[in-house]
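# Let's see this in three dimensions:
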Amino acid sequence: MSQFKHTSWGRTRGPKNVSGTQAGEVDVVLVGTLDAATDGYATENQRYLHVLLVDKNNSTNLTVTVYGYNHAFGVWAPLNQLGTSTAVTATVADSGTAEGSQTAAHREMVTFEIAGIDRVAFVGTTADIRCYAACSTF
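Numbering: from 1, shown residues only. Below you'll find the model as predicted:
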């Protein structure tokens, strides 16, 4: 007998990749390209966003800013940390080595609270970064 597996809008204990496939990368875009309500990735009304960054070019620190979209407002804006005016960002340090030679210590993983955000997008200044993102309720 097969077991039913939920794949739709609901609470998830384990992080669910926003790209739609496990271990799938998300796109890092330039800020000027966020316009439509269909840009970015659906959060399925989860509470937490988990982000993993990997340096692809080993030449400089790379930062990604998380943008949010709320259907009630209809616009994109940088997310701020709760209770502050500090933008939600994640930075991966210059690894100093080629991507294939990096270890887990060369990567950066962070978790943010995103309660009430309908879509998220990841904005950077370069494509020299791998970005993975997942959402969870707990």
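
# what helix or strand does Leu49 sit in?
strand 48-55 (DSSP states H and E).

# Return the distance of that strand from the chain's centre.
Distance, stretch centre to chain centre, for strand 48-55: 6 Å (Cα atoms, centre = their mean, to the nearest Å).

# Sheet-wise, list the partners of it with their directions.
In the sheet, strand 48-55 lines up against strand 108-113 (antiparallel), strand 129-136 (antiparallel) (DSSP bridges).

# Of all the ones you listed, which one comes closest to Asn17?
Shortest separation from Asn17 across those is recorded for strand 129-136, at 4.8 Å, computed as Cβ to Cβ. (C-beta placed from N, C-alpha, C; glycine too.)

# Can you read off the backbone torsions of Ala77?
Main-chain dihedrals, Ala77, degrees, to the nearest 10: phi -160, psi 150.

# Tally up the residues packed near it, please.
Residues lying near Ala77 (other Cβ atoms under 10 Å) number 12.

# ok, now how distant is it from Ile129?
22 Å (Cβ to Cβ, to the nearest Å).

# Check Leu53 too.
Note on Leu53: its distance to Ile129, by Cβ to Cβ, is 6 Å.

# Next: Val123.
Taken as Cβ to Cβ, the span from Val123 to Ile129 is 11 Å.

# Tell me where the model's unsure across this structure.
Where the chain drops to pLDDT under 70, the residues are 1-2, 4-12, 58, 127.

# now the helices: where do they sit in the protein?
When secondary structure is read from DSSP state H, the chain shows no helices.

# just so I have it, where are all the strands in it?
In the chain, the segments counted as strands under DSSP state E are 16-17, 28-29, 41-42, 48-55, 62-69, 76-78, 89-92, 108-113, 119-123, 129-136.

# what bridges to Ala42?
With DSSP bridges as the rule, Ala42 is bridged to Arg119.
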